[in-house]
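A.B. asks: Only the shape, not the letters, is given here:
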């Protein structure tokens, strides 16, 4: 592993979104010439270079400088939490107590609020040529959530061209916990948008939402409509075909994965580049997957200027949005002193 860093930071100041210091960068490599870069601020996945024939494609979106990462609002490649996705009215009740959270989107909370984990400096440890672990302590009351949460996120790049992200931790009080990685993928490795990619989802249901993209509590069966990706199809084929898409200006919807994807046994999602030369498969232990087609990426800093709308697609694994307020959804509450242990794998296969 290659590192580019200043003196390591001892301890984590989790109330400080940024300490003003330069980020530490870490490069992981495998035997096939694939490499990924990671950053300790936000435990962020910065780049993913995949050899395709005689070239290397950087298949995730990102910025060209630390300054741009600090000002972007798209969560590029970051680890987000304590609760990824949305929580209605920035509050939830647990064991008879109401917890008020940081509100940062239309009166709701998204991705942990204004001072989410994406803005923290994580401590890098357990370094090797193909793996790095980042750790963070989120104190009791952080973002409004109960309990001191101790976390680690481990990135491993194996020789199957798979990026394995493992989330581990525990909390001294019961608390909702939902971590995800917010990478945006564009398997072309170019400035083309993501709408010509082919997407398949192992999901029979998606979450119905209101005008603020907050779940109504209803799961809707996909049935050959614009939300149905059970058979691989071009993302843009049915774009903006329904009211729920028009509210979001594209896809920004959570799917409940089918049972066979549990414990990462079966493929949860697959994405194929427009030229059919590269495929990415997603495996996860988590019950849900948010598909977001970069509907508000226009103007965000890129590596060579600015991104446009739909420049990439995020496939965010996790619990369903607003699960703390939706008793019919899979339970996102981590019990006191219980282990938080989840894994998501992004496997890249050269097809031709």
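C.D. replies: Now that the structure is in, tell me what you want to look at. Values in this document were obtained by computation on a predicted structure and should not be read as measured data.
A.B. asks: Check the average confidence over stretch 338-352, would you?
C.D. replies: If you average the pLDDT over stretch 338-352, you get 97.
A.B. asks: ok, and for it, which residues are buried?
C.D. replies: Across stretch 338-352, burial judged by 16 or more other CB atoms under 10 Å covers 340, 342-348. In this view, the C-beta of every residue, glycine as well, is placed from N, C-alpha and C.
A.B. asks: Name whatever forms a beta bridge with residue 315.
C.D. replies: Beta-bridge partners recorded for residue 315 (DSSP bridges): residue 291.
A.B. asks: quick one: it and residue 270 touch, right?
C.D. replies: No: the pair residue 315 / residue 270 is not scored as a contact, 9.7 Å apart, by CB atoms under 8 Å.
A.B. asks: and for these two, which residues touch both?
C.D. replies: residue 282 (CB atoms under 8 Å, 6 or more residues apart in numbering).
A.B. asks: Between the two, which is the more surrounded one?
C.D. replies: residue 315 (26 against 19; other CB atoms under 10 Å).
A.B. asks: Ramachandran angles for residue 91?
C.D. replies: phi -160, psi 160 (degrees, to the nearest 10).
A.B. asks: circling back: dump the buried residues of stretch 338-352 to TSV, plus secondary structure and distance to residue 75.
C.D. replies: Listed next are these as TSV, based on DSSP: H, G, I helix; E, B strand; the rest coil; distance: CB to CB, whole Å:
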residue	secondary structure	distance to residue 75
340	strand	20
342	strand	18
343	strand	20
344	strand	16
345	strand	20
346	strand	16
347	strand	22
348	strand	22
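A.B. asks: TSV please, covering the residues you listed and showing distance to residue 91.
C.D. replies: Formatted as TSV, these follow (distance: CB to CB, whole Å):
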residue	distance to residue 91
340	22
342	25
343	30
344	28
345	34
346	33
347	38
348	40
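A.B. asks: and of these, the nearest to residue 22?
C.D. replies: residue 346 (27.2 Å; CB to CB).
A.B. asks: Who does the closest one form a beta bridge with?
C.D. replies: Beta-bridge partners of residue 346, as defined by DSSP bridges: residue 163, residue 282.
A.B. asks: Cool, thanks, signing off.
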